[in-house]
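1. Below are the sequence and a predicted model; questions follow.
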Amino acid sequence: MWTPAAVRAQDAPAAPSPPPEGTPRVEDALRFLAGGALGLAMHEGGHLIFDAVFDAEPRLEGVRFGPFPFFAITHSAGVSPRREFTISSAGFWVQSLSNEWLLTRHRLREEQAPVAKGVFAFNVLNSAGYAMVALAKAGPVERDTRGMASGINVDERAIALVVLAPAALDAYRYFHPDARWAAWASRIAKVGSVVLVVK
């Protein structure tokens with residue numbers, strides 16, 4: 001028997017089917033990876049800016065880290081020690097600036113921001129990786145920490161701490177955004193890494 005309610009139910013448009021489960025996660029993962037790639041581009045861009053400022057003739061060079069082929073943006077060997085330190089440090093300075101902006105302007109952990117989180121993760125993990133390599137004095141001769149150490153004539157293991165301290169403090173700030181002591185300690189460590197250029 002046809003009732004008015006049954007007729008209305010047949011005329012009503014079908015509800016749209018929900019998107020396949022897991023699609024947003026795939027998109028978020030791709031955006032996160034894109035953020036990591038952006039972090040790498042920003043790091044290398046920092047080097048290139050000072051390469052251009054100092055007319056240091058930057059070039060792309062193939063390097064190996066153990067069995068892994070990679071590349072490095074390198075520059076002419078004739079730059080002064082301070083310029084060497086500045087060029088080698090610039091990628092970490094860009095990381096420090098971008099982390100500071102992300103952590104000051106956002107409660108990053110609480111936000112749905114996969115690109116920003118990818119940039120942040122690259123910055124922290126890249127610094128941690130460089131610090132480990134610096135402590136071991138391993139890796140290609142073109143590594144940033146070796147250039148920083150030779151630029152100010154210190155042991156590369158000391159540079160490991162210069163690179164790792166801001167990253168470790170920023171990682172803490174990600175999980176504890178209200179920790180003011182960590183914010184100020186991180187900022188002091190970041191400024192300290194720039195001040196070393198006058199050593």
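-> Yes, it's here.

2. Scan this structure for its longest helix.
-> helix 23-53 (DSSP state H).

3. by contact count, what packs against that helix?
-> With contacts defined as 3 or more C-beta pairs under 8 Å, 6 or more residues apart in numbering; DSSP states H and E, the packing partners of helix 23-53 are strand 68-74, helix 81-105, helix 114-136. The C-beta positions use only the backbone N, C-alpha and C, and glycine is treated the same way.

4. Check these for me: which has the lowest mean pLDDT.
-> Among the helices and strands packed on helix 23-53, strand 68-74 carries the lowest mean pLDDT, a mean of 75.

5. separation between the most centrally placed residue in the chain and residue 167?
-> Closest to where the C-alpha atoms of the chain average out (C-alpha atoms, centre = their mean) is residue 123, at 2.2 Å. Remark: distance between residue 123 and residue 167 (C-beta to C-beta, to the nearest Å) = 7 Å.

6. Residue 67 now?
-> Computed as C-beta to C-beta, the residue 67 to residue 167 distance reads 26 Å.

7. Please apply the same query to residue 157.
-> 16 Å.

8. and residue 155, what does it touch?
-> residue 149 (C-beta atoms under 8 Å, 6 or more residues apart in numbering).

9. Name the SS class of residue 76, please.
-> coil (DSSP: H, G, I helix; E, B strand; the rest coil).

10. what's near enough to touch the nearest residue to it once chain neighbours are set aside?
-> Using C-beta to C-beta, 6 or more residues apart in numbering and skipping the chain neighbours, the partner closest in space to residue 76 is residue 57 (4.4 Å). By C-beta under 8 Å, 6+ apart, the residues touching residue 57 are 51, 75, 76.

11. Which neighbours do residue 123 and residue 167 have in common?
-> By the contact definition C-beta under 8 Å, 6+ apart, residue 123 and residue 167 are jointly contacted by 95, 99.

12. Grab the nearest non-local neighbour of residue 116.
-> Nearest one to residue 116, counting by C-beta to C-beta, 6+ apart, is residue 102 at 5.6 Å.

13. From residue 173, how far out is the one you found?
-> On the measure of C-beta to C-beta, residue 102 and residue 173 end up 10 Å apart.

14. Between these two, tell me which one has more neighbours.
-> Per other C-beta atoms under 10 Å, whichever of residue 102 and residue 173 has more neighbours is residue 173, with 23 against 20.

15. chain center to the longest helix of the chain, what's the gap?
-> 7 Å (C-alpha atoms, centre = their mean, to the nearest Å).
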